[in-house]
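In: using only what follows, build the 3D model:
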Amino acid sequence: MMMRVSILLSRRSLVACPSASARSLSTLPSRFHAVKQLHAHQTTNYNQQRHHLFSTKTRRRRRGGTSPNSNRDLSPQQFLSIANDLLDKVESAVLKLKNNNEGLEIIRHPASSSGDASDADDSEFRQHLGQLEIKVPSIEGPYDGGTYMLTINADNNVALQCLSGNFTYVYNNTTGEWVGQEDGHSLLGILTRDWIRQCHGVPDF
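Out: The predicted structure is shown next:
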């Protein structure tokens, strides 16, 4: 009797297997559709994140020159006053460190005139509204001495020549900071970084 039951169950199992396989095959299209939908959803999320990333980078690059609260909202007199305050701040901070840096020279140039262009040897002479020149001596370390130039330009921006290169800055009315026209970095931030690479002491800008 037990042998007959076992044989009967085995036969039923053999009969059941084809139907189970058929059910499994019948679900393949729905499974494929689900996987396809998941892939489409993940692709959409990736594209959205990528678009957000590049949009953020674009806004950061344009923050300095295209900000609605930049130099364009200032009158020429207001801009010149704020720019001179910047030169005063840098000059004052550097003067405090002069005793720590033997051979350091600080020169404040007044606004240039049209007559200065004929006297200059540089064919690329450009009129300015004021300039601060800082001559840094060579000290022990990986960086040689050099000259820092902070120039107020007539077209309502400030130019900086430093160890990292040449940059143009605009004033942000909202934050009260001078920021890079190309990428929005801080003028005083990069000036501080370059200074401590070449000189002794940290300026309190």
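In: which residues of this protein score low on pLDDT?
Out: Within the chain, the ranges that satisfy pLDDT under 70 run 1-72, 114-125.
In: let's see that with 80 instead.
Out: Scanning the chain with the threshold set as pLDDT under 80 gives 1-73, 113-126, 139-142.
In: let me see the ranges of the helices in it.
Out: For the chain, applying DSSP state H gives helices covering 2-26, 28-66, 76-95, 114-119, 187-198.
In: quick one, the third one and helix 187-198 angle?
Out: Translated: helix 76-95. With axes from the mean of the first three to the mean of the last three C-alpha atoms, to 10 degrees applied, the angle from helix 76-95 to helix 187-198 works out at 20 degrees.
In: in helix 76-95, what's buried?
Out: Buried residues in helix 76-95, counted by 16 or more other C-beta atoms under 10 Å: 79, 80, 82, 83, 86, 87, 90, 93, 94. Quick note: C-beta positions are derived from backbone N, CA and C, even for glycine.
In: and the last one, how far is that from residue 103?
Out: Between residue 94 and residue 103 the distance is 13 Å, computed by C-beta to C-beta, to the nearest Å.
In: repeat that for residue 154.
Out: 32 Å.
In: residue 195 now?
Out: From residue 195 over to residue 103 the distance is 15 Å, taken as C-beta to C-beta.
In: between those two, which has more neighbouring residues?
Out: residue 195 (24 against 11; other C-beta atoms under 10 Å).
In: surely that one and residue 189 touch.
Out: No: if you go by C-beta atoms under 8 Å, residue 195 and residue 189 don't touch, sitting 10.8 Å apart.
In: let me have the buried residues of helix 76-95 in a markdown table, extended by distance to residue 146.
Out: Shown next, in a markdown table, are the buried residues of helix 76-95 (distance: C-beta to C-beta, whole Å):
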| residue | distance to residue 146 |
| --- | --- |
| 79 | 28 |
| 80 | 27 |
| 82 | 27 |
| 83 | 23 |
| 86 | 20 |
| 87 | 19 |
| 90 | 16 |
| 93 | 18 |
| 94 | 14 |
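In: closest one of those residues to residue 129?
Out: Closest approach to residue 129 among the buried residues of helix 76-95 (C-beta to C-beta): residue 80, at 5.9 Å.
In: report the contact partners of the nearest residue to that closest one once chain neighbours are set aside.
Out: Closest residue in space to residue 80, ignoring its immediate chain neighbours: residue 129 at 5.9 Å, by C-beta to C-beta, 6 or more residues apart in numbering. For residue 129, the contacting residues are 80, 83, 111, 152, 153, 154, by C-beta atoms under 8 Å, 6 or more residues apart in numbering.
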